[in-house]
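Peer 1: Sharing a model that was predicted from the sequence below.
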Amino acid sequence: MQLSEIYRGLGQPACTEIIRSISIGKLKTYQLYDRMKVRLHVPKLNSEALRKVAPRLWERINENDEPLATELGQAVLVSHLDMIVAALNVLGIPNEDGFFAKDLDPASYLTEGWQQRVVDALRGKFPEALVTFYINHLAWELGRLTEIFVPAAQAAAQ
């Protein structure tokens, strides 16, 4: 499964919310600012540019622009390391500020129903679209994503 399928599976409103949640300060801290500015085709990267470019990014994701999907995912994740730490703690996955050791097999911690447990534990603390994106991204990164996870409450509403 490709990363762009996660964005499409979550839908345009969630994707737009996720894009708008990117922290310009975190991009600068992790030296991703210039790369994202180039990847997003904007002369200046700020919250207004992210808001304006979101519909164009959705079109590019729908065209399977995997390099964009990958860098966008990285930008979103570094912008929300606090949420990642919280999710990994819910799962009991040992981590250092959201990063797990290279020799660790985090997949063994993903037991039956792990996705919904994370959503339930983080509900009200972080935007659900962001949590859902991370859950799917984690499963994708570990090679365990066979279908897009949608939280039970959101699935019932659809």
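Peer 2: Arrived safely. Since this is a predicted model, take the numbers as computed values, not measurements.
Peer 1: Put the alpha carbons of the helix or strand where Arg8 lies into CSV.
Peer 2: Following DSSP states H and E, one finds Arg8 within helix 3-10. C-alpha atoms of helix 3-10 as CSV (Å, rounded to 0.1, in the frame of the first residue of the first chain):
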residue,chain,number,x,y,z
LEU,A,3,1.3,6.4,1.7
SER,A,4,-0.9,8.5,-0.6
GLU,A,5,-3.7,5.9,-0.1
ILE,A,6,-3.7,6.8,3.6
TYR,A,7,-4.5,10.4,2.8
ARG,A,8,-7.1,9.4,0.3
GLY,A,9,-8.6,6.9,2.8
LEU,A,10,-9.0,9.6,5.4
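Peer 1: Once you drop chain neighbours, what's closest to the residue of the chain most remote from its centre?
Peer 2: For the chain, the residue at maximal distance from the C-alpha centroid (CA atoms, centre = their mean) is Pro43, at 24.2 Å. Once flanking residues are discounted, Pro43 sits nearest to Lys37: 7.7 Å by CB to CB, 6 or more residues apart in numbering. Bear in mind the C-beta positions are built from the backbone N, C-alpha and C, glycine included.
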